[in-house]
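J.: what shape does this take:
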Amino acid sequence: MKKLTLTLIFGLLFAGFTVSLKAQVSAAVTANASAEMVEALSADELTALNFGRFVPGSSTGTIIIDATEALNRSQTGGVTIVTASGNPAAGKFGIYGIASQVISVTLPGDNSVKLLNAANDELTIAKFTVSNANPTLGMDGSAIVYVGGTLNIPDNQAGLTKGIFTGTYAVTFQHN
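T.: The predicted structure is shown next:
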C-alpha cells in the first residue's frame, strides 16, 4: 500500500501535475531627490582701476598696472608717467558667497574697452589681467581679487585733448 501511494504521488507529479513558477519581471523602488538653495554669489568694486597721470611722448606707448595689492605701475614706449599724483591703483574686488567654493573670473577681451574724455578722445585698454582667475572663497565666504591692465597711449601728435579719460568694464564672477 505504501508502495502504491508513493507511485501514485510520483505519477501525478510526472503526469501533468506541475507547478508553474514565473520570474518577477519588474520591481519598484522609492528613490530620493533633493536640492539645496544657497546664497547667491555677489561682488563689489572696492577700488577702481586707475592708470594715473601721464604725458604722451613722440612715440606710442603703454601704461601697465599689475594685478596686485601693492602698486606696480610701469610704462613702455614714449609715454611718461607723472608720479606725483593721480592715485594709480589696480582694481580691487570683493567676492562673497559660500565658504570654500571655487570661483571663476572672466575679464573683458583685448582692446574691447575704451576710455573717453570730455572731447570724446579715446584710449584703449589693450588687455586686462587678474591676480587669481580661480579664487577659493575663504572660511568667511569671501575673497579679494585684483585686476590690472595695459592702457595704450598714442603719441603726442594724435591731438588728444588733456583731461580725465573714463569708462567702464565688466568683470564676471561665477561658481565653478
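J.: name the residues linked to Val82 by a beta bridge.
T.: Under DSSP bridges, the beta-bridge partners of Val82 are Arg53.
J.: wait, Thr62
T.: With DSSP bridges as the rule, Thr62 is bridged to Thr76, Asn152.
J.: read off the pLDDT value for it.
T.: pLDDT for Thr62: 97.
J.: thought it was touching Ala126?
T.: Yes. Using Cβ atoms under 8 Å, Thr62 makes contact with Ala126 at a distance of 6.7 Å. For the C-beta atoms, the positions are set from N, CA and C on the backbone; glycine is no exception.
J.: pLDDT below threshold where in the chain?
T.: Scanning the chain with the threshold set as pLDDT under 70 gives 1-23, 84.
J.: helices along that one, start to end?
T.: 2-14 (DSSP state H).
J.: so what's the residue count around the residue nearest to Ala118 when sequence neighbours are not counted?
T.: Leaving aside its sequence neighbours, Ala118 sits nearest to Gly163 (Cβ to Cβ, 6 or more residues apart in numbering; 5.4 Å). Gly163: 11 surrounding residues under other Cβ atoms under 10 Å.
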